[in-house]
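Q: turn this into a structure:
(one chain, ligands or ions: 1)
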Amino acid sequence: MTVDVRFGPIRASPSSAPSRRHSSMRACAVAPTHTSARIAARRHRSAALPRRSFAPPSGRAFPRALHASASSSPDAPGAMVAPFVDHSSQSNYPAVKVTHADFDVSVDFERKEITGAIVLRAEVGDAPADELVLDTRDLAIASCAVDDAAVAFEVQSEPHPVMGAALAVKLGRSYPAGATLSVRIEYSTSPSSSAVQWLRPEQTAGGSHPYLFTQCQAIHARALYPCQDTPAAKLTYAAKVTVPDPLTALMSAIPTASESIPGTSRTTFAFEQKVPIPPYLLALAVGNLESRAIGPRSAVWSEPETVEAGAFEFSETEDFLTAAERVAGPYVWGRYDLLLLPPSFPYGGMENPCLTFVTPTLLAGDRSQAHVVAHEIAHSWSGNLVTNLTWEHFWLNEGFTVFIERKIMHQLYGKSVFDFNAIGGLMELKETVDRLGATHPHTVLMPTLEGGVDPDDVFSKVPYEKGFAFLVYLEHMASGRSDADADAANGTEAFAAFLKAHFERSKFGCVTSEGFRASYAEAFPEANEKVDWDTWLTAPGMPPVDVGAYYDGTSAALSGDLARKWHLCDVLGVGTPDRPPGAAKSDVEGFDSTRVDHFLLSLLEYRGGTHPLSLAVVKSLEELYGLGAYKNSEIRCKWLQLRLGAGDATALEEAADMVKSQGRMKYLRPLYRALRLYKDGGRAFAEKTFEEARRMYHPIAEKMVASDLGL
Ligand SMILES: [Zn+2]
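A: This is a model prediction of the structure:
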């Protein structure tokens, strides 16, 4: 998904020296925040919980088959085949493997339930099996049948607080290794499912029809349907979804038919996904939707009110797809459509196959946030086609995706844009590491999730930007050049071929960090000798190598230097003088929104949240540059953060408006943090605003903001 890697402007770093090397980044050790302390506490609590905290009614413990069998899917030539362990699933994959699901469900907006049946096709692993263990959370299970005969089943009596309730389907007899079976389960979701957001008509753009959308990454698929909710358990699916007229259902699949049900005001939509996907990529949206074609294999879907704006904003989609195919190989999914969601969608985008979900906060009117679409397109290879085996290897999804995203932008707009974005990403990584603390376990590229740690709690820019930095480093080493300023971002043919081969070799399967390491060692044995894999993968903090040295900061210097001038004029936050010498409206003439965004990012980076700008300086910035007039949500969010830090009382209501009008976590979390820190009554204001707005948020966003606010 998009944690929101930016097409931001930038200079190598807003350092005090005119260097383009990132080694000059201001060292800014910040004590762990309340949030990180809380996450650490939660982790500790979770770790103390037994993995299986329930005793089935029979009194017999569930067998721990999950850890007993070897993985079928490690990726690399010569990789050690370790026993498969996913600390985020209680299913018994791969003792039994679900390979396909057929859904027949209907959507009830009154009861806020999705109800129906799922038929799972499954294959017994290497040893005989007499049960199939699935993950569920808040699902009501009505019945189970195996090969058309009703069977007993058990739902974990004390659900795990993170992993939910395991469902053990008794197969009725022992099935031999390699046998196939069909398991039918009648079930219903809960109105409070963590995977589904139900919107009342007034929460939509049109205001007259209800809406629902799902979000299953990382471990919420189990709250939508019974499944082996580990990325390793890839499956194909087909679905029939019945919804009230005049609503349309869409899924992460190819639509195959739609049929009105005679005598009712309901319609059934049918879908097929023939490419195996990890369970978290199953997605459903239902609403008053229409589409506009934007390319030979693409359309934008949204409510009628926003469909034209979406078609304009995402008109470059086919160019991105073509560039991505040059980088990563053929696109295997057929369609690439976009669904523009209502404002409460918690992410920038979610790479649901065939149908990327995107936030309407991308509608900047100038295509300045189209890079988010490049990111989601890149996931068609990294994440969707080749998937992290477990969430501990999440950087293989996101670091690779940022790498391909920036390669796409490089192909279309040149190396200066690649460098500009890479520098911005490194600044954002530094902000994250400073905020969490340089020894915080969540700054490790390959964190451990053992003991029931919720992957949502570990989620940050680290897998994105530290992962990206690692790939840039590996590419640089593979080039064989030793000078620090080598043009790594232009890539080498050998590394480009390696990347394509990586996707071709592992397509439809999963990858691990160890497997990727073995592939790299095989392809680039000499370079590999010099790579300190252990530090990169397991040490906390910023990357062990200053990859900022590989980027040319010239393009970012303009906006970065301007930020530095303002920083220096008010370095103590006293506002005397209130502007740098010679500051004028013309400073930002010719700045597009990405460059304005970079200017603000650089100012935030200089201040690190510890030395706010003075109110006088903030007023001068507004007077000269008119920053409040920008509609681009990146700019709005950063400008509000700066104003709140300066104690600008007029920013309080504006920030409240922004967190009440959309639910994207990228904006909610820093704005709520800034509101909470506001010098005068900020905490109470933040909590009051959250109470007023929380019903609009997606459950994941609501939980994360509550955690940030210490609630
Ligand atoms: Zn992503």
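Q: going by C-alpha atoms from here, please, whenever you check contacts or count neighbours.
A: Will do.
Q: which SS state does the residue nearest to residue 448 when sequence neighbours are not counted fall under?
A: Nearest non-adjacent residue to residue 448, counting by C-alpha to C-alpha, 6 or more residues apart in numbering: residue 392, 6.0 Å away. What DSSP: H, G, I helix; E, B strand; the rest coil gives for residue 392 is helix.
Q: OK, contacts around residue 392?
A: For residue 392, the contact set (C-alpha atoms under 8 Å, 6 or more residues apart in numbering) comprises 446, 447, 448, 449.
Q: which one of the residues you listed is nearest to the ion?
A: residue 446 (16.2 Å; C-alpha to the ion).
Q: how about the strands in the stretch 101-250 of the chain?
A: 113-124, 129-136, 140-146, 149-150, 153-155, 165-175, 180-188, 196-199, 211-214, 235-244, 248-251 (DSSP state E, counting those that start in this stretch).
Q: so after the last one, what's the next helix or strand?
A: Which is strand 248-251. Per DSSP states H and E, the first helix or strand lying C-terminal to strand 248-251 is strand 254-261.
Q: give me the next element, helix or strand, following that following strand.
A: strand 266-277.
Q: who are the packing partners of the helix or strand following that next one?
A: Going down the chain from strand 266-277, the next helix or strand is strand 284-287, by DSSP H and E. Strand 284-287 sits against strand 211-214, strand 248-251, with contacts defined as 3 or more C-alpha pairs under 8 Å, 6 or more residues apart in numbering; DSSP states H and E.
Q: so what secondary structure elements neighbour the helix ranked longest in the chain?
A: Counting residues, the longest helix found in the chain (DSSP state H) is helix 415-436. Contacts defined by 3+ C-alpha pairs under 8 Å, 6+ apart place helix 415-436 against helix 394-413, helix 554-569, helix 593-607.
Q: looking at the ones you listed, which is closest to the ion?
A: Proximity of the helices and strands packed on helix 415-436 to the ion was assessed by C-alpha to the ion; the nearest stretch is helix 394-413, lying at 5.0 Å.
Q: what angle separates the closest one from helix 415-436?
A: 150 degrees (axes from the mean of the first three to the mean of the last three C-alpha atoms, to 10 degrees).
Q: for helix 394-413, the averaged confidence score.
A: Throughout helix 394-413, pLDDT has a mean value of 96.
Q: tell me the pLDDT at the residue of the stretch 51-200 of the chain found nearest the ion?
A: For the stretch 51-200 of the chain, the residue closest to the ion is residue 195, as judged by C-alpha to the ion, at 17.9 Å. Residue-level confidence at residue 195 comes out at 96, pLDDT.
Q: related to what we said a few turns ago, keep only those of the contacts of residue 392 that are in strands.
A: Using DSSP state E, no member of the contacts of residue 392 falls in strands.
Q: give me the buried entries from those.
A: Buried members of those, counted by 16 or more other C-alpha atoms under 10 Å: 446, 447, 448, 449.
Q: low-confidence ranges, the protein, go.
A: The model of the chain has pLDDT under 70 over residues 1-82, 482-491, 609-610.
Q: would you mind confirming that residue 427 makes contact with residue 605?
A: Yes: taking contacts as C-alpha atoms under 8 Å, residue 427 lies within contact range of residue 605: 7.3 Å.
Q: please say which of those two ends up with more neighbours.
A: residue 427 (24 against 21; other C-alpha atoms under 10 Å).
Q: how far away is the more buried one from residue 433?
A: Distance, residue 427 to residue 433, by C-alpha to C-alpha, to the nearest Å: 10 Å.
Q: please parse this structure into its domains.
A: 1-14+554-639, 31-49+381-550, 66-197+220-277, 649-711 (automatic domain parsing).
Q: for residue 327, find the nearest of those.
A: domain 31-49+381-550 (6.9 Å; C-alpha to C-alpha).
Q: for residue 309, which of the domains of the chain is the nearest?
A: Shortest distance between residue 309 and the domains of the chain, using C-alpha to C-alpha, is found for domain 1-14+554-639: 13.9 Å.
Q: so what does whatever helix or strand residue 620 lives in touch, helix or strand wise?
A: Using DSSP H and E, residue 620 maps to helix 615-625. Contact partners of helix 615-625 among helices and strands, from 3+ C-alpha pairs under 8 Å, 6+ apart: helix 633-645.
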